[in-house]
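Novice: return atomic coordinates for the entry below.
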Amino acid sequence: MHIKDEVLAKCSFDVKDGTKTRFWDDTWVGDKSLKVKYPSLYNIVRDRHATVSKVLATSPLNISFRRALVDNKLLEWLKLVAQISNVELVSDYFRWNLTKSRLFCVRSLYLHLIDTPPPFLHRKL
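Specialist: Predicted structure coming up:
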């Protein structure tokens, strides 16, 4: 899973219909995934693998949490909703952020991997 997370951290999605973009895990609004931006919400959401299309299919948003949103969690939720409020669903497009063309190539991933130490080397023992 580490390599998958590493690859997905270097790309983002242009959301069109939202059927192939994961709401929490993929980077589709801003420069980080919503699970990274809002970890306290991610930790209590019921469906962590929901797609953007599923979440945005209804108003209010099709998301449920295991606990009530109060205090800081409610403020984070309101920030998240404001951040995605102008998204219009039309076919998702995968954009690779390590090349100027925004197209994936193995060489760009390879160069990134050899220039970046593995995540387990960052951990303190």
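
Novice: outside of the longest helix along the chain itself, list whatever touches it.
Specialist: Criterion DSSP state H: the longest helix present in the chain is helix 71-84. Contacts of helix 71-84 with the rest of the structure, by Cβ atoms under 8 Å, 6 or more residues apart in numbering, involve 29-30, 34, 37-38, 40-41, 44, 56, 61, 67, 69. The C-beta positions use only the backbone N, C-alpha and C, and glycine is treated the same way.

Novice: which members of those define the maximum pairwise distance?
Specialist: 30 and 67 (24.9 Å; Cβ to Cβ).

Novice: more neighbours: which of these two?
Specialist: Neighbours were counted for residue 30 and for residue 67 using other Cβ atoms under 10 Å; residue 30 has more, 12 against 8.

Novice: A strand includes that one, no?
Specialist: No: looking at residue 30 with DSSP: H, G, I helix; E, B strand; the rest coil, it is coil, so not inside a strand.

Novice: which ones are touching it?
Specialist: Applying Cβ under 8 Å, 6+ apart, the residues contacting residue 30 are 37, 83.

Novice: for it, give its distance to residue 114.
Specialist: As for residue 30, its distance to residue 114 is 28 Å (criterion: Cβ to Cβ, to the nearest Å).

Novice: quick check: the gap between residue 69 and residue 7.
Specialist: If you measure residue 69 against residue 7 using Cβ to Cβ, the figure is 32 Å.

Novice: assign residue 94 to helix, strand or coil.
Specialist: Of the three states, residue 94 takes strand according to three-state DSSP.

Novice: isn't it right next to residue 11, touching?
Specialist: Yes: using Cβ atoms under 8 Å, residue 94 makes contact with residue 11 at a distance of 6.4 Å.

Novice: find residues that contact each of these two.
Specialist: The contact lists of residue 94 and residue 11 share residue 104, where a contact means Cβ under 8 Å, 6+ apart.
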